[in-house]
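1. Have a look at this fold, sequence not included:
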């Protein structure tokens, strides 16, 4: 009787654990961001490819792009699309950063190990490829993976089996491998820093996310998305952007891409006591970078050449002042920032040239 009771208790415990794991996966899936926002033609084309890859349940996808462009968000979207139609939308999604840990530790995390495989291996452990059965493994920053591990990964992708450290048997795996990198892997191949055969295997299904500066038409929709997201998160009333502030944000170069934009909007929502963001609410460094961007985009021929007969500096100052006020819709704060002068200096210049309205 005692043995039967133990068996029954074990079955109940195992069932409870399975329910708990399912619940946690569901909660994680609902909390994590998988909305990839964009209205530009390049993003429409990208999402079209994502849909086709997910529908085909491809086994491997490589996603490239600069830091902050949304590679991990896109990988979650692929995972979600692959499983939502099959009724198994809470299958495991496990990510690991290939650049964040030593080679030996990364290998044990990916492949697992048998009891006694090394000094601290007191019990066997499943690796991520086994733990993610039926789901996806994200290999973040795969471009930084060491050559020895690259060869082992190639075997996994080709044979769909793994062998634990210290093990003798091959174990079949059922997992989608998603890989991301901000490196140019083709250049890494040419420098013998990345295996050519692994590159070709990964690039069968390849997606590239352009930087935000190359798809500025996506910035307004991203601004609205994150304003809505963070006002809900922090229980704030709706916050909007003035046309002038939006214009400046669209002009900014966004070196940190979508991540930088997201962080800036979160800062607005938490710290600004306003329901309409104006240019004066924007950080000054953003204007400095916007000016540099605009200057960099202008051809060198636009440099002013002083004529031999000279010219009126005051007339030029007045003309630039008028242009700045017109461009800023007579918003003096914005006009001052466009001219890179203080608000008080702008007021003095307006008075000097008799431009009061």
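-> Cool, got the structure. Computed from a prediction, not measured in an experiment: that's the story for all the values here. Numbers count the residues shown, from 1 in each chain.

2. In the stretch 201-350 of the chain, what residue spans correspond to strands?
-> 206-209, 240-241, 276-277 (DSSP state E, counting those that start in this stretch).

3. in its sheet, what does the last one sit against?
-> This points to strand 276-277. Sheet neighbours of strand 276-277, with direction, are listed as strand 240-241 (parallel) (DSSP bridges).

4. for the record, mean pLDDT for the partner strand?
-> On average, the pLDDT along strand 240-241 is 93.

5. and for it, what are the contacting residues?
-> Strand 240-241 is contacted by residues 223, 227, 249, 275-277 when judged by C-beta atoms under 8 Å, 6 or more residues apart in numbering. (C-beta placed from N, C-alpha, C; glycine too.)

6. which among those end up buried?
-> Neighbour-count burial (16 or more other C-beta atoms under 10 Å) is assigned, among the contacts of strand 240-241, to 223, 227, 249, 277.

7. one step back: let's have the strands of the stretch 201-350 of the chain in JSON lines, adding distance to residue 259.
-> What follows is those, written out as JSON lines (distance: least, C-beta to C-beta, whole Å):
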{"stretch": "strand 206-209", "distance to residue 259": "12"}
{"stretch": "strand 240-241", "distance to residue 259": "19"}
{"stretch": "strand 276-277", "distance to residue 259": "19"}
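
8. Of those, which is nearest residue 144?
-> Minimum separation from residue 144 across the strands of the stretch 201-350 of the chain (C-beta to C-beta) falls at strand 206-209, 18.2 Å.

9. Which of the strands of the stretch 201-350 of the chain sits closest to residue 107?
-> For the strands of the stretch 201-350 of the chain, proximity to residue 107 was assessed by C-beta to C-beta; strand 206-209 is nearest, at 25.4 Å.

10. ok, the residue nearest to residue 320 when sequence neighbours are not counted - contacts?
-> Closest residue in space to residue 320, ignoring its immediate chain neighbours: residue 339 at 6.7 Å, by C-beta to C-beta, 6 or more residues apart in numbering. Neighbour list for residue 339: 320-321, 324, 346 [criterion: C-beta under 8 Å, 6+ apart].

11. Tell me the one among the residues you listed nearest to residue 44.
-> Closest to residue 44, out of all of these and judged by C-beta to C-beta, is residue 324, at 36.3 Å.

12. what about that closest one, how many neighbours?
-> Residue 324 sits with 21 neighbouring residues when counted by other C-beta atoms under 10 Å.

13. mind listing what the closest residue to it other than its chain neighbours touches?
-> Distances taken as C-beta to C-beta, 6+ apart put residue 335 closest to residue 324, at 4.2 Å, once the chain neighbours are dropped. Going by C-beta under 8 Å, 6+ apart, residue 335 touches 321, 324-325, 327-328, 346.

14. Dump these into JSON lines; add distance to residue 39 as well.
-> Converted to JSON lines, these look like this (distance: C-beta to C-beta, whole Å):
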{"residue": "321", "distance to residue 39": "36"}
{"residue": "324", "distance to residue 39": "30"}
{"residue": "325", "distance to residue 39": "32"}
{"residue": "327", "distance to residue 39": "25"}
{"residue": "328", "distance to residue 39": "27"}
{"residue": "346", "distance to residue 39": "36"}
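
15. Buried ones among those residues?
-> 321, 324-325, 328, 346.

16. Which residue ranges of the stretch 51-200 of the chain form strands?
-> Ranges of strands in the stretch 51-200 of the chain, per DSSP E, counting those that start in this stretch, are 60-65, 93-97, 112-113, 125-126, 136-140, 161-162, 171-172, 176-181.

17. Enumerate every residue touching residue 182.
-> 64-67, 71, 141, 143 are the contacts of residue 182 under C-beta under 8 Å, 6+ apart.

18. Sketch out the low-pLDDT regions of the stretch 101-250 of the chain for me.
-> Scanning the stretch 101-250 of the chain for pLDDT under 70 picks out no residues.

19. can you give me the helices in it?
-> Secondary structure of the stretch 101-250 of the chain by DSSP state H, counting those that start in this stretch: the helices cover 103-111, 128-131, 147-159, 185-190, 196-202, 219-233, 243-251.

20. Show me what counts as buried in the fifth one.
-> I take that to be helix 196-202. Applying 16+ other C-beta under 10 Å to helix 196-202 flags 198-199, 201-202 as buried.

21. Widest-spaced pair of the residues you listed?
-> Going by C-beta to C-beta, the pair spanning those furthest: 199 and 201, at 7.3 Å.
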